[in-house]
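Q: make a model of this:
(one chain, ligands or ions: 1)
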Amino acid sequence: MNIVKTVDQVRAQVKAWRAEGLSVGLVPTMGYLHEGHGSLISKAVEQNDRVVVSVFVNPTQFGPNEDLEAYPRDMNRDSALCEKLGASLIFNPEPSEMYRPGFCTHVNMDVLTSTLCGASRPVHFGGVCTVCSKLFNIVKPDRAYFGQKDAQQLAIIRRMVEDLNMDLEIVACPIVREEDGLAKSSRNTYLNEDERKAALVLSKAIFLGQDMVKDGATSAAEVKKAMTDLINSEPLARIDYVEIVDGLTMQPVEEIGAPTLAAIAVYIGKTRLIDNFIV
Ligand code: AMP
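A: Numbers count the residues shown, from 1 in each chain. This is a model prediction of the structure:
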């Protein structure tokens, strides 16, 4: 498995595969890979002849006071996992390769980006849409793989592909969790021992909401209140948002139907974690 740093190298490799009639899957990541990313890579390996994993901590999706510099990186571990799972190529560009001097074209989206993480992180989804558009143009994959863990991102990418007539299929993969329920995340490494225990309140709130809906609850306010109260019972937790929204438009709903997304973002100490469930 090769690791390449330039757009030209990716293009040359994909062109050679295409000449052989091979299909290509893309898994966009920011690296520091765990089993959550691994599930996307495995699915891509299953469904495509060749798989490109991009490892790029994209500066344009981080706000000024966010964790761009601190974001964990470990290319040796990432490449070992990609190799083990059967990926064919890692694209690991420098920011200067992705954003050349004079760069000034951005992909932005309304509506879906106005709520949840988009409300707390105003520049985030513009950066995500721009970098994913670039990755789709560079790799030209048949399919690209995204995790349900970032449910709003997934909805936004689907919308962008539809709106801009991008010629690829978006494949969604379920949330992978630790044994005790915490959703796997590269940011979990920021947590100290007490915070790691406290972080369980996110998945507990998600499972509580899910059970209420399974048992027939349809009032978004009622489910939201129960989830909020549970999170507030954990002293180390500070809620960024607890929201119940339409699964396609990301706008708040009063009645829970299908598709509905219940999504939370919670600070545990200084670490902001997210989780969700889909009805
Ligand atoms: P990131 O490196 O955090 O940008 O994530 C890259 C991709 O992996 C995104 O599509 C995420 O939704 C997905 N992902 C991250 N964590 C998980 C998880 N625990 N389960 C499933 N997918 C995940």
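Q: briefly note if the helix or strand containing residue 52 comes near the ligand.
A: Using DSSP states H and E, residue 52 falls within strand 50-55. No: Strand 50-55 stays clear of the ligand (C-beta under 6 Å from any ligand atom), getting no nearer than 8.3 Å. Where C-beta positions appear, they are placed from N, C-alpha and C, glycine not excepted.
Q: just checking, residue 95 touches residue 62?
A: No: look at residue 95 against residue 62 with C-beta atoms under 8 Å: they stay out of range, at 11.1 Å.
Q: these two: who's more crowded?
A: residue 62 (18 against 12; other C-beta atoms under 10 Å).
Q: residues in contact with the closest residue to the more buried one other than its chain neighbours?
A: Among residues not flanking residue 62 along the chain, residue 68 sits closest, at 4.0 Å (C-beta to C-beta, 6 or more residues apart in numbering). For residue 68, the contact set (C-beta atoms under 8 Å, 6 or more residues apart in numbering) comprises 57, 59, 62.
Q: tabulate these (JSON lines), appending distance to the ligand.
A: Listed next are these as JSON lines, based on distance: C-beta to the nearest ligand atom, whole Å:
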{"residue": "57", "distance to the ligand": "9"}
{"residue": "59", "distance to the ligand": "13"}
{"residue": "62", "distance to the ligand": "11"}
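Q: for these, give me CSV that also has pLDDT.
A: Formatted as CSV, the contacts of residue 68 follow (pLDDT from 0 to 100):
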residue, pLDDT
57, 98
59, 97
62, 95
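Q: got the residue ranges for the strands in the stretch 1-150 of the chain?
A: Here the stretch 1-150 of the chain has its strands, by DSSP state E, counting those that start in this stretch, at 2-4, 24-29, 50-55, 89-91, 143-147.
Q: redo those strands as CSV? Include distance to residue 209, mean pLDDT and mean neighbour count.
A: Formatted as CSV, the strands of the stretch 1-150 of the chain follow (distance: least, C-beta to C-beta, whole Å; pLDDT from 0 to 100; neighbours: other C-beta atoms under 10 Å):
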stretch, distance to residue 209, mean pLDDT, mean neighbour count
strand 2-4, 41, 97, 15
strand 24-29, 28, 98, 26
strand 50-55, 32, 98, 26
strand 89-91, 37, 98, 24
strand 143-147, 19, 98, 22
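Q: okay, the ones you listed in TSV with distance to residue 136 next?
A: Output for the strands of the stretch 1-150 of the chain, formatted as TSV (distance: least, C-beta to C-beta, whole Å):
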stretch	distance to residue 136
strand 2-4	17
strand 24-29	7
strand 50-55	10
strand 89-91	12
strand 143-147	7
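Q: who wins for proximity to residue 13 among those?
A: For the strands of the stretch 1-150 of the chain, the distance to residue 13 is smallest for strand 89-91, at 5.8 Å, taking C-beta to C-beta.
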